[in-house]
Each structure stands twice: as C-alpha cells, then as structure tokens.
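In: how does the following fold in three dimensions:
(chains A and B)
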Amino acid sequence: MTGAIWNLLLGLAWVLLSGDFTGLNLLVGLVFGYITLVLIEPHLEALKGYPARVPRFIGFVLFFIKELIQANLRVAFDILTPPWHMQPGVIAFPLSARTEMEITMVANLISLTPGTLSLDVSDDRRVLYIHAMFLDDEEELRRNLKEMEHRALELFR
Amino acid sequence: MIDVIKGTLLIVGALLMLLAAIGLLRLPDLLTRMHATTKAAALGVILVMLANAMHFSEVGVVARSLAVIVFILLTAPVAAHVIGRAGYFVGSKLWSGTVKDELRPNYDPLTHALKSGLETEENAKRQPRETDPE
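Out: Below is the predicted model of the structure:
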C-alpha cells in the first residue's frame, strides 16, 4: 500500500515538473516512479514486496478480462439460440479466504464473472454457495473458481 | 484508426446491453435472469464509457468515465448478490432444468442458519467474530 501511494506521488510529481498534463504523460511518470521504487526497494523496509506485486496485479487484471469475455460469449450464445444448453445449479464452494474483507472480495469477483453468482456464505464462513449457469463440467468450473480465488488472495496478502 | 476502435467499443457495448434485455425476457427463472442483466449490462456500460473517454480525451471527462466504471464494478456484483439471495430465500422457484442445489439441504428456514456441510464436532460451534457484542 505504501508502495502504491509513493508510486502515485512520484507519477504526479513527474507530471507537475514536466508541465504536460495528459494521461499519457501520467502513465510515463508512473512507469518511471515504478522503476525508481524497484531500484531503492532493497534499502527500504516499507517497500518490501511492492515490485513483485505490480506485475502480479497486471497479470490478474488480464486474466480477469479474459475470463469475463469468455464467459460473456458463452452466456450470449445460450441466450440467443432457442434451445437451452445451460444446466444451472447451486454448488458449495469451499473458501480459502478467511477474513471478512477477503471473502467480500472473492464473492464480488465471482459475481462479476458471467455464469456464476455468489448467493450466500455459510454461518461459519467456510463455504460460499454459488449459483452457476453451466454445470455440465463441474470439475472445470471449480478449478477455474479456485484459480481466480488463489490469484485474488495472492494480491492482498 | 481511433474512430474504428471507438465505434467497435460503442457497438459491442450496445449489443451487450441489448443481449441483457433479451436475456431478461427469455431466461426462465430469477437467478438465471440475474446472470444476464447484471454482467452483460455492466460490461456494456464499461465499454461505452471507455469509448466516451477516448472520444473526448479531456481530463474531466476521462476521470468521470473511469469513476463510472469503478462504481459499476463496485455496485453491480453487490446488487446482484443481494437480489439473488433475497429471491432465493423467499422461495422463488428454480427452473425445472436445474441440475443440483447444494444449498437447500443446508439451510434451516426457521432459524435462517446456513450450515457449511464441512462441520465436525469441533468447528460446528459458533465462532466468535469481531462484530459480536461483548
């Protein structure tokens, strides 16, 4: 978190000092800021782990966009063609997220991908009940959900 | 070039929203309808907003477009979850083609307790939370 704030500040400083107030220049500033933080990371305790987190975050965003488009196409196909190919159902998904914050994050991400909707979390916070639209390959679905949860948790721990 | 990208984004976004509307009409039960309306529509709005930001490319407009995207991403899943959950628990019928329901056997309609199905004697006890009164 400290790393992200410093990166933003350095980027803003770059924009102010170069006097070119465009989005592209801010991006350039952020990249230079990131490089600076990578260089001074070994000397500062507060920045520990920040350089590794940024590529992971970008990787996660790309992975999420891929999932989003894939799942959207599938739902779109089923809505537009007359016979129903879907096999909806409610599955119990064991969570490895522990705190309330993590569970909220994971549940929201699952709700955001088309084809899965988080319904409720059990009272002991160990299982998330998910309504899924395509249960024809349940193993595959569970593997995808696990991968998404794993990647999301990696970002915040 | 940039015009082509903008046009594509706008058309795909509009198509997604149209798809959400068709889905809302065609799909058979509440939960599957939530799938169509929230996600396709959210992605549609996001694409339209991106096209908007590219077209005007002023700081104010871009910032507001990005803010719209962020708020859609924050609110859409929460709304879908709350509506879906409420609908499920007040007993809206699932579609006849539903293949399995692992929630129903674990839910007690009298006490609203929801078991995880993973309980052993030890962890079936209610675990204390931060929000509990002392």
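
In: touching chain A at all, the longest helix seen in chain B?
Out: Using DSSP state H to define each element, chain B has its longest helix at helix B:59-89. Yes. Under the criterion of Cβ under 8 Å from any Cβ of the partner chain, helix B:59-89 makes contact with chain A via B:59, B:62, B:73, B:76-78, B:80-81, B:84-85, B:88-89. For glycine as for every other residue, the C-beta is placed from the backbone atoms N, C-alpha and C.

In: next helix or strand past the longest helix seen in chain A?
Out: In chain A, with assignment by DSSP H, the single longest helix is helix A:50-80. Scanning forward in sequence from helix A:50-80 by DSSP states H and E, the next helix or strand is strand A:89-94.

In: can you redo the residues of helix B:59-89 next to chain A as CSV with pLDDT?
Out: CSV is the format used below for the residues of helix B:59-89 next to chain A (pLDDT from 0 to 100):
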residue, pLDDT
B:59, 77
B:62, 85
B:73, 85
B:76, 86
B:77, 85
B:78, 87
B:80, 86
B:81, 86
B:84, 85
B:85, 84
B:88, 82
B:89, 81
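
In: which of those are buried?
Out: B:62, B:76-77, B:80-81, B:84-85, B:88 (16 or more other Cβ atoms under 10 Å in any protein chain shown).

In: ok, residue B:13 touching residue B:52?
Out: No. At 9.7 Å, residue B:13 does not count as touching residue B:52 under the criterion of Cβ atoms under 8 Å.

In: and stretch A:50-59, which residues are buried?
Out: Neighbour-count burial for stretch A:50-59 [16+ other Cβ under 10 Å]: A:50, A:54.

In: repeat that for stretch A:10-17.
Out: Result for stretch A:10-17 [16+ other Cβ under 10 Å]: buried residues A:10-11, A:14-15.

In: show me the domain layout of chain A.
Out: A:2-47, A:50-156 (automatic domain parsing).

In: now the angle between strand A:89-94 and the longest helix of chain B, please.
Out: With axes from the mean of the first three to the mean of the last three Cα atoms, to 10 degrees defining the directions, helix B:59-89 sits at 100 degrees from strand A:89-94.

In: please state the offset of helix B:59-89 from the chain centre?
Out: Centre-to-centre, helix B:59-89 and its host chain are 8 Å apart (Cα atoms, centre = their mean, to the nearest Å).

In: in its sheet, what does the next helix or strand after it sit against?
Out: Next in sequence after helix B:59-89, counting helices and strands by DSSP H and E, comes strand B:100-101. Applying DSSP bridges to the sheet, strand B:100-101 is found paired with strand A:89-94 (parallel).

In: rewinding a little: packing partners for the longest helix of chain A?
Out: With contacts defined as 3 or more Cβ pairs under 8 Å, 6 or more residues apart in numbering or on different chains; DSSP states H and E, the packing partners of helix A:50-80 are helix A:2-18, helix A:23-40, helix A:100-112, helix A:138-156, helix B:2-26.

In: change it to 10 Å
Out: Using 3 or more Cβ pairs under 10 Å, 6 or more residues apart in numbering or on different chains; DSSP states H and E as the contact criterion, the elements in contact with helix A:50-80 are helix A:2-18, helix A:23-40, helix A:100-112, helix A:138-156, helix B:2-26, helix B:30-34, helix B:41-56.
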